[in-house]
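In: Can you look at this prediction? I've put the sequence above it.
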Amino acid sequence: MIEQLSPAALRDTILGSGARLAALFGDGTKLFAVLADGSVGVVRVLSAEVGKEYAALTPELPQAHWFEREIFEQTGIVPRGHPWLKPVRRRADATEFYRVEGEEVHEVAVGPVHAGIIEPGHFRFQCHGEDVFHLEIALGYQHRGVERALAGGPDKRTIHYMETLAGDTTIGHATAYCEAVEALAGVSVPARAQALRGIALELERLANHTGDLGALAGDVGYLPTLSYCGRIRGDFLNMTALLCGSRFGRGLVRPGGVAFDLDDARAAQLVERLDAAYRDVTVAANLLWNTSSVRARLEHTGTIPERDAIALGLVGPAARACGVERDVRHEFPSGIYRFFQVPVSTWHTGDVFARAFVRWLEIQRSVAFIRDQFKSLPAGPTHIEMKLLAPNEAAVALVEGWRGEICHVALTDAQGRFARYKVVDPSFHNWCGLALALRDQQISDFPLCNKSFNLSYCGHDL
Amino acid sequence: MLKATLARLQQGHRTVAFPKGTPTLPDRFRGLPVIERAKCPAGCRECIKACPTDAITADKLDLGRCLFCTACTDTCPRGAIRFTQDYRLAAHRREDLVMPSFKLAQALDGKARRLFGHSLKLRQVSAAGCNACEADVNVLNTVVFDLGRFGIQFVASPRHADGLLITGPVSENMKLALEKTYAAVPAPKIVIAVGACALSGGPYINHAEQHNGATNLLRVDLFVPGCPPHPLTILDGLLRLLGRLDTR
């Protein structure tokens, strides 16, 4: 399934395909690329033996920028001609920051410890007065050695790495992992388990999107929606807990299926709670769109043009808010999404408003999807016995998490253990988008722009 | 304005009755585990082998390491180990989390209680937490738990804080920032560690990239187990520490 190419052919194929880079990573002296062509729903895995260096793709393909820095950091392979070959996970004080020189230019440093209850990261602004010329985002504070520990697996801790590598995306990453190992084992998951995974994935999206709408309201000082959404987000989390005991879906998704079934009484209660929460979030969200002072703060703030979103390879609501029709559930459907389609929600303005409004559109569609599932929940088992993983094989899993495309790549060795396990959280694509959104903005709009992306630090740092 | 007022009426009053009322938790919620050793077949080590963080040994169960997953309960041939609905898990000393010697947290004594009992300002530091503990700490600020009614508040600067609430296994890359933040809090100060990672490293225990939690770096006054702990578990722990619960 892996296409083995020469370094030159790998380069030509990537640059010539017009497809998006879902992943680009190194292993030893080899390079691997996962190309996702959404127009035809085809995923290709390419590989080439590049030795110690190769000609960087970034100058011609900006979406390779962050990946090539990671390759250099993880393997030492040098992407020759890369414009800013700085590690993506090392401590911020370990390397220099990009600087804008000038008498009236000043620098602002924020983090890693932030004012709110959020994860750590460092932001370095080059400012002229209030205007941001350049923002450099330095991450790596959350690095826990996830990919290193995954090699040699799967073992009893593997699923827990998956559930906690980005803890707010437990269902998304656990599902991607399970789909990857199930493909390697040649196991087909029962329909009921697929439906329950879909319900859980959409509940995760509902909780996080609702929380984000509330937080955006808070960042512009609009307290009603902030306080309502804070509570309603918890209602969605509690629905996941009704399913599996954990508000974050810990323990639900397991290789071979799901660990908890849904009896009729529980299903009825879930539908009832879903309806109530949907009624409440509709009121809370519509307050935002109908309040002119809120809209004035959200519109034309942190705008990213569609062409930049495509060039940077943005994913998820951040891409769709720029008018890019990009959604794994639509382009590369797996599991239950092969049978139930979720329309792609887009908006065209690319600003904070668009990123908020796309979330609201997706809330509506996730609720509709879950209701559909309950109307036709397949009967039968929720789990099938797992088998050993095929040796010397590769599997790619794509899942549309609430932040966007989750890509897992599993490569097995001769014993059927993970020789390399690559995780690409949607945040890995999108941090660059946040940096770009801040250009020519007021520095005081940073919290608002940051929240409109709401990216994962630990999912990036791994 | 009229719409906002109508919305306010529609949303209603949403604060939980806790601590006066009994909180309702989902029936599948996994709280304090219990082991009935009498049921264990002789020489059986299934749960010990299955536990992803080695929380279980022949005669002990360390709640500080426990992820409250189902690895042990799924593997037990006799149903000797199960999770109860008891959300009260926080302890004052690390060793109090090791069952069977589990002991709930006691109130701070004397001066500390006088200082913090009715007003506690905390700075939160995520030191490689996965954003689940962070999220369920943050949720205490919502109208549901309404932390402010207990005089507890999260503040933006360590200079304004009485202590730290730490999540995550403390990555090597966050160690310095955590130490500096701790140093910036004026004395006397308290430290609260929330979640399996901050207590023991959690799933990342013994990884070279982290420090097995805050307990190896700072003196911790409250340990809150869970992966992540339920918000009520955290709130219960905070109120216990401040002597704000009727613990008769």
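Out: Looks like it came in fine.

In: for the stretch 51-200 of chain A, which spans come out with low pLDDT?
Out: A:91-95 (pLDDT under 70).

In: Right, and chain B sits closest to which residue of it?
Out: As assessed by CB to the nearest CB, chain B sits closest to residue A:167 within the stretch 51-200 of chain A, at 3.0 Å. (C-beta placed from N, C-alpha, C; glycine too.)

In: can you pull the contacts of that residue?
Out: For residue A:167, the contacting residues are A:248, A:458, B:129-133, B:135, B:228, by CB atoms under 8 Å, 6 or more residues apart in numbering or on different chains.

In: Check residue A:390 too.
Out: A:184-186, A:412, A:416.

In: ok, and the most crowded of those?
Out: Compared across the contacts of residue A:390, residue A:184 has the highest neighbour count, 24 neighbours, by other CB atoms under 10 Å in any protein chain shown.

In: Surely it touches residue A:392?
Out: No - the pair residue A:184 / residue A:392 is not scored as a contact, 10.5 Å apart, by CB atoms under 8 Å.

In: So for chain B, the centremost residue is which one?
Out: residue B:224 (2.4 Å; CA atoms, centre = their mean).

In: what residues are up against that one?
Out: Applying CB under 8 Å, 6+ apart, the residues contacting residue B:224 are B:89-90, B:192-195, B:199, B:233-234, B:237.

In: excluding its backbone neighbours, what's nearest residue B:202?
Out: Nearest residue to residue B:202, sequence neighbours excluded (CB to CB, 6 or more residues apart in numbering or on different chains): residue B:196, at 3.6 Å.

In: what's the single longest helix in chain B?
Out: Criterion DSSP state H: the longest helix present in chain B is helix B:172-184.

In: what packs against the following helix or strand past that one?
Out: Later in the chain than helix B:172-184, the nearest helix or strand by DSSP states H and E is strand B:190-194. On a contact count with 3 or more CB pairs under 8 Å, 6 or more residues apart in numbering or on different chains; DSSP states H and E, strand B:190-194 meets strand B:163-167, strand B:222-224, helix B:231-241.

In: Same question for strand B:190-194: list its buried residues.
Out: B:190-194 (16 or more other CB atoms under 10 Å in any protein chain shown).

In: As JSON lines, those with pLDDT would be great.
Out: Putting the buried residues of strand B:190-194 into JSON lines (pLDDT from 0 to 100) gives the following:
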{"residue": "B:190", "pLDDT": "96"}
{"residue": "B:191", "pLDDT": "97"}
{"residue": "B:192", "pLDDT": "98"}
{"residue": "B:193", "pLDDT": "98"}
{"residue": "B:194", "pLDDT": "98"}
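
In: From those residues, pick the one nearest chain A.
Out: The nearest member of the buried residues of strand B:190-194 to chain A, counting by CB to the nearest CB, is residue B:194 at 10.7 Å.

In: Find the nearest non-adjacent residue to residue 130, please.
Out: The chain I'm using is chain A. residue A:442 (4.7 Å).

In: switch to chain B, that's the one I care about
Out: Leaving out its chain neighbours, the residue that sits closest to residue B:130 by CB to CB, 6+ apart is residue A:167, at 3.0 Å.

In: Ok, residue A:202 next?
Out: Nearest non-adjacent residue to residue A:202, counting by CB to CB, 6+ apart: residue A:366, 4.0 Å away.

In: Around the one you found, how many other residues sit close by?
Out: What residue A:366 shows, counting by other CB under 10 Å, is a neighbour count of 25.

In: and it, that one's in a helix?
Out: Yes - assessed with DSSP: H, G, I helix; E, B strand; the rest coil, residue A:366 lies in a helix.

In: Show me the shaky parts of chain B.
Out: For chain B (pLDDT under 70), the answer is B:247-248.

In: I'd assumed residue A:127 was in contact with the residue nearest to residue A:130.
Out: No - between residue A:442 and residue A:127 there is no contact under CB under 8 Å: 9.4 Å.

In: What parts of the stretch 151-300 of chain A come near chain B?
Out: Residues of the stretch 151-300 of chain A lying near chain B by CB under 8 Å from any CB of the partner chain: A:156-157, A:160-161, A:164-168, A:170, A:211, A:224, A:227-228, A:230-231, A:233-234, A:238, A:241-248, A:250-251, A:259-260, A:280, A:283-284, A:286-287, A:290-291.

In: who touches both of residue A:184 and residue A:392?
Out: Residues touching both residue A:184 and residue A:392 comprise residue A:412, with contact defined as CB under 8 Å, 6+ apart.

In: residues in contact with the residue lying closest to residue B:157 once chain neighbours are set aside?
Out: In space, and not counting its chain neighbours, residue B:157 is closest to residue B:123: 6.9 Å by CB to CB, 6+ apart. The contact partners of residue B:123, taken as CB under 8 Å, 6+ apart, are A:113, B:154-158, B:160-161, B:163-165, B:181, B:185.

In: One more pass at 10 Å, please.
Out: Contacts for residue B:123 (CB atoms under 10 Å, 6 or more residues apart in numbering or on different chains) come out as A:113, A:115, A:117, B:154-166, B:181-182, B:184-185, B:189.

In: How about the secondary structure of it?
Out: strand.

In: Run a quick neighbour tally on the residue nearest to residue B:117 when sequence neighbours are not counted.
Out: Taking CB to CB, 6+ apart, and ignoring the residues beside it in sequence, residue B:117 has residue B:242 as its nearest neighbour in space, at 5.0 Å. For residue B:242, the neighbour count with other CB under 10 Å is 23.

In: For residue B:122, see how far away residue B:242 is.
Out: Going from residue B:242 to residue B:122 by CB to CB, to the nearest Å gives 11 Å.

In: Give me the common contacts of the two.
Out: By CB under 10 Å, 6+ apart, residue B:242 and residue B:122 have these common neighbours: B:116, B:152, B:190.

In: And the second one, its phi and psi?
Out: Note on residue B:152: backbone dihedrals following degrees, to the nearest 10 are phi -100, psi 140.

In: what's near enough to touch the nearest residue in space to it that is not next to it in sequence?
Out: Spatial nearest neighbour of residue B:152, chain neighbours left out: residue B:120 (4.8 Å); criterion: CB to CB, 6+ apart. Listed by CB under 10 Å, 6+ apart, the contact set of residue B:120 reads B:108, B:147, B:150-154, B:161-163, B:165, B:190, B:192, B:238, B:241-242, B:244.

In: Then residue B:197?
Out: A:144, A:164, A:167, B:67, B:126-130, B:132-133, B:166-171, B:203-205, B:210, B:212-214, B:227-228.

In: So residue A:113 sits against residue A:141, correct?
Out: Yes - in this structure, residue A:113 is within contact of residue A:141 by CB atoms under 10 Å, at 9.2 Å.

In: Name the residues contacting each of those two.
Out: With CB under 10 Å, 6+ apart as the test, residue A:113 and residue A:141 both reach A:120-122, B:126-127, B:174, B:177-178.

In: got a markdown table for those, with neighbour count too?
Out: Below are those laid out as a markdown table (neighbours: other CB atoms under 10 Å in any protein chain shown):
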| residue | neighbour count |
| --- | --- |
| A:120 | 27 |
| A:121 | 23 |
| A:122 | 21 |
| B:126 | 30 |
| B:127 | 31 |
| B:174 | 29 |
| B:177 | 22 |
| B:178 | 26 |
